[in-house]
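Novice: I need the structure of the sequence given here:
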Amino acid sequence: MPGILPYLVCSALYLALAQGLRFHWLQTGERAPGLGGRLALLPVLPLLLHGWLLWTEILQGPDIFLGVGTSVSLILWLTAGIYWAGNLVYGVQGPLLLVLAITGALMWLPLALPPPRPLAHTELAAFRAHLLISLLAYSLLTVAAVQALLMALMERRLHGAVLPSPLRALPPLLTMERLLFRILLLGFILLTLTLGSGMLFSEEVFGRPLRFSHKVVFSIAAWGIFALLLAGRRIYGWRGRVALRWTLAGFLALVLAYTGSKFVLEVLLHR
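Specialist: Sure, this is the predicted structure:
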C-alpha cells in the first residue's frame, strides 16, 4: 500500500490546480474560459498520480480490492477525467474547478476507511466486464448529478444575488440542460448494461436468478427513475426543476445501492 506522502502530493496538486484555475479566470475576466494550449495539460499530472494510487490499491496481485473508500475514489477519478475531457471538447472550466476541488478533498478515503477485502470471482472475464461497465455508469451519472446541482444553483442565483465566479464561467442554462440529458442517456445505457450483465453473471456463476438484495432493489429503483425521466423528457418535454429533481433522486438511489450498502457492511459492521 502506498504511504501517505503520495496522497498528500496528489491532493495538494488537485486543490492547488483548482485554486490556480479560479485565479486565472478572475484575472482574465473571460465569460466562459476553457483550458487551452498548455493549460489543458495541467490536470494530467494529478490524474496520473491518482490513477497510479488507485492501481496499487485495487489491483494487488491476482485479486481486486474494491471497498467503499477505493470505490468513491475511483468514481471521483473517473468523474474528474470525464470533466477534463469535456473541457477539451467544450472549452468550459467551471464544472472542472468544482470536481477537481472535491476530488482533492475526498481522495483520502482509502486511507481513512477500513481496508477492503478481495472481491470474489475476479478471475472471470464476465465479472470484470460487469465491474468496468458499472463503474463507468456510476461515474457518468455522478457527472449528471454534479451538472444538476450546478444548474440548480445557477437557477436560484439568477433570481437573486450575483453569481459566484465558478458559476459565471458556465454556459447558459439551456446548453447545460442539453448536455445533462446527453450524459443521462449514456449513463442510463451503461446502467442498463450493468443490470443486464449482473443478471447474466448471477446465472453463470451461481446457477440461479439474481437475488433481490438491498443493492439490487435500489439499483433497479435508480434505473426506473432515470427511465421515467428520459421518457418524460421525450414525451412531455420535461425540463428545469422537474428534470433536476428526478436526476438527483436517481443518483441518491444509486448511492444507497452501492456506496451505502458497502459503507454499512465495511465500516459499521466490519464485514
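Novice: CA only for contacts and neighbour counts going forward, please
Specialist: Fine.
Novice: low-confidence regions, the stretch 51-200 of the chain specifically.
Specialist: 90-94, 157-170 (pLDDT under 70).
Novice: T70: what's it in contact with?
Specialist: 54, 57-58, 109-110 (CA atoms under 8 Å, 6 or more residues apart in numbering).
Novice: okay if I get these as JSON lines plus neighbour count, distance to L5 and secondary structure?
Specialist: Shown next, in JSON lines, are these (neighbours: other CA atoms under 10 Å; distance: CA to CA, whole Å; DSSP: H, G, I helix; E, B strand; the rest coil):
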{"residue": "L54", "neighbour count": "20", "distance to L5": "14", "secondary structure": "helix"}
{"residue": "E57", "neighbour count": "19", "distance to L5": "15", "secondary structure": "helix"}
{"residue": "I58", "neighbour count": "21", "distance to L5": "18", "secondary structure": "helix"}
{"residue": "L109", "neighbour count": "15", "distance to L5": "14", "secondary structure": "helix"}
{"residue": "P110", "neighbour count": "23", "distance to L5": "14", "secondary structure": "helix"}
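Novice: now do the phi/psi pair for the closest residue to P116 other than its chain neighbours.
Specialist: Of all residues beyond its chain neighbours, the one nearest P116 is G67 (4.6 Å), with distances taken as CA to CA, 6 or more residues apart in numbering. G67 has phi and psi values of phi -100, psi -170 when expressed as degrees, to the nearest 10.
Novice: G67 reaches P115, doesn't it?
Specialist: Yes - counting by CA atoms under 8 Å, G67 touches P115, with 7.1 Å between them.
Novice: on that earlier part again, pick the one among the contacts of T70 closest to A253.
Specialist: Checking those against A253 with CA to CA, the nearest one is L109 at 21.2 Å.
Novice: my guess is the closest one contacts G67, does it?
Specialist: No - using CA under 8 Å, L109 makes no contact with G67, being 10.0 Å away.
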